[in-house]
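J.: no sequence for this one, just the structure:
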């Protein structure tokens, strides 16, 4: 069972979602850490920091996803795949920015808490759109 979840190449959507959760967690740490560092230490406006941090998360997510989560690709040219992956991420970035802004400015949540809430929404968007657009 552990071998199936962690090692064997698979197209099973539930196993891929399980793996993507770990990949997403690692990418989130890169994203969240960058957001915190840029906002708190470099005093960059939180929405600007969130955009840069999100891009860090996309790169981490792509590298780990193609090496561990998704093994069969619908597109042969990796640069085209990365561009589409990135475009899906840009839509996710728009959603991320909207949710962070909404929860921070309208509901008066702390910006890092807003980021956590936003991550839940964007996580499902990214997985399912990437899974069914780019990977088998």
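T.: Everything's here; your move. If you're wondering where the values come from, they're calculated on a predicted model, not measured in any experiment.
J.: Tell me the secondary structure of residue 76, please.
T.: With DSSP: H, G, I helix; E, B strand; the rest coil as the basis, residue 76 sits in coil.
J.: And the next helix or strand past the one helix or strand residue 26 maps to?
T.: Using DSSP states H and E, residue 26 maps to helix 13-36. Sequence order places helix 46-64 as the next helix or strand after helix 13-36, per DSSP H and E.
J.: Tell me what angle that next one forms with helix 13-36.
T.: Calculated by axes from the mean of the first three to the mean of the last three C-alpha atoms, to 10 degrees, helix 46-64 forms an angle of 140 degrees with helix 13-36.
J.: outside of helix 46-64, which residues touch it?
T.: 23-24, 26-28, 30-35, 38-39, 42, 44, 82, 85-86, 89, 92-93, 96-97, 100-101, 104, 111, 115, 126 (C-beta atoms under 8 Å, 6 or more residues apart in numbering). Every C-beta, even on glycine, is put in place using the N, C-alpha and C of the backbone.
J.: Please repeat the previous calculation with a cut-off of 6 Å.
T.: For helix 46-64, the surrounding residues in contact (C-beta atoms under 6 Å, 6 or more residues apart in numbering) are 23, 27, 30-31, 34-35, 38-39, 85, 89, 93, 96, 100, 111.
J.: likewise stretch 72-91?
T.: With contacts defined as C-beta under 6 Å, 6+ apart, stretch 72-91 is touched by 58, 62, 129, 130, 134, 136.
J.: Show me which residues of it are buried.
T.: Neighbour counts over stretch 72-91 (16 or more other C-beta atoms under 10 Å) mark 81, 82, 84, 85, 88, 89 as buried.
J.: In contact with the nearest residue to residue 107 once chain neighbours are set aside, which residues are there?
T.: Nearest in space to residue 107, with sequence neighbours left out and distances taken as C-beta to C-beta, 6 or more residues apart in numbering, is residue 114 at 7.9 Å. Contact partners of residue 114, counting by C-beta under 6 Å, 6+ apart, are 100, 103, 104.
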